[in-house]
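[1] following is a predicted model, sequence given first.
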Amino acid sequence: MIDDDLGRSAAGSVQRAGFERMVAEVGLGKVGAVRAREVSRFACNSRDWQQLIEMCRVVDTVLVIRSVYAPRQGNDRLLHGLKGSLNEYALDLLRQRSLSARYEKARRGELVVAAPVGFVKAGDRYEKDPDRRVQDAITLGLRQGSGTGQRSSSLALVPRA
């Protein structure tokens, strides 16, 4: 049983020690069957999924996902290869929808990620940061930058909090 990776997404470049250890154990021939509740939670990354299927095929380990599948059989390997690809496509579709929703909010002027430096959000509007040190630092930076004609040079003058 692998629970090291609980709470970690299979999508992305996050290291999942449990999944990697399982693939290694399968590759060494120490595992006779790999059981998963569902493919989408197991390996959303198609590369990881394909690697596991291939490893299971080489060492003759079966996959148990609602039913028993033998990756050495072409039909089973094809079926689970497609499942992995479809899960990756579904994840990509969710990302695209999320990004589209974000663009729509931005178009309507409703997207707020964080208040700009020197401002705080007060209800539905922005106000200058009440901290006098922050106001002074921004004013100093803008004065220094306006004297040189290069606003980008003023960024180096504002210390990090």
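    Perfect, thanks for sending it. All figures in this text were calculated on a predicted structure; none of them were measured in a lab.

[2] pLDDT weak spots in this protein?
    For the chain, the stretches flagged by pLDDT under 70 are 1-15, 38-46, 145-161.

[3] quick one: the strands in it, in order.
    33-35, 62-64, 68-69, 119-122, 125-128 (DSSP state E).

[4] want to throw these into CSV with distance to E54 and mean neighbour count?
    No exception for glycine: its C-beta is placed from N, CA and C like everyone else's. Below are those laid out as CSV (distance: least, C-beta to C-beta, whole Å; neighbours: other C-beta atoms under 10 Å):
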stretch, distance to E54, mean neighbour count
strand 33-35, 13, 16
strand 62-64, 12, 17
strand 68-69, 14, 16
strand 119-122, 51, 13
strand 125-128, 54, 11
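
[5] nearest to V23, out of those strands?
    Set against V23 and scored by C-beta to C-beta, the strands of the chain come closest in strand 33-35, at 9.3 Å.

[6] adding distance to G27 as columns, could you present the strands of the chain in JSON lines?
    Listed next are the strands of the chain as JSON lines, based on distance: least, C-beta to C-beta, whole Å:
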{"stretch": "strand 33-35", "distance to G27": "12"}
{"stretch": "strand 62-64", "distance to G27": "15"}
{"stretch": "strand 68-69", "distance to G27": "18"}
{"stretch": "strand 119-122", "distance to G27": "52"}
{"stretch": "strand 125-128", "distance to G27": "56"}
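
[7] any idea how many residues pack against V23?
    20 (other C-beta atoms under 10 Å).

[8] does it touch Q51 like I think?
    Yes - here V23 reaches Q51: they are 6.4 Å apart, a contact under C-beta atoms under 8 Å.

[9] fine by me, thanks again.
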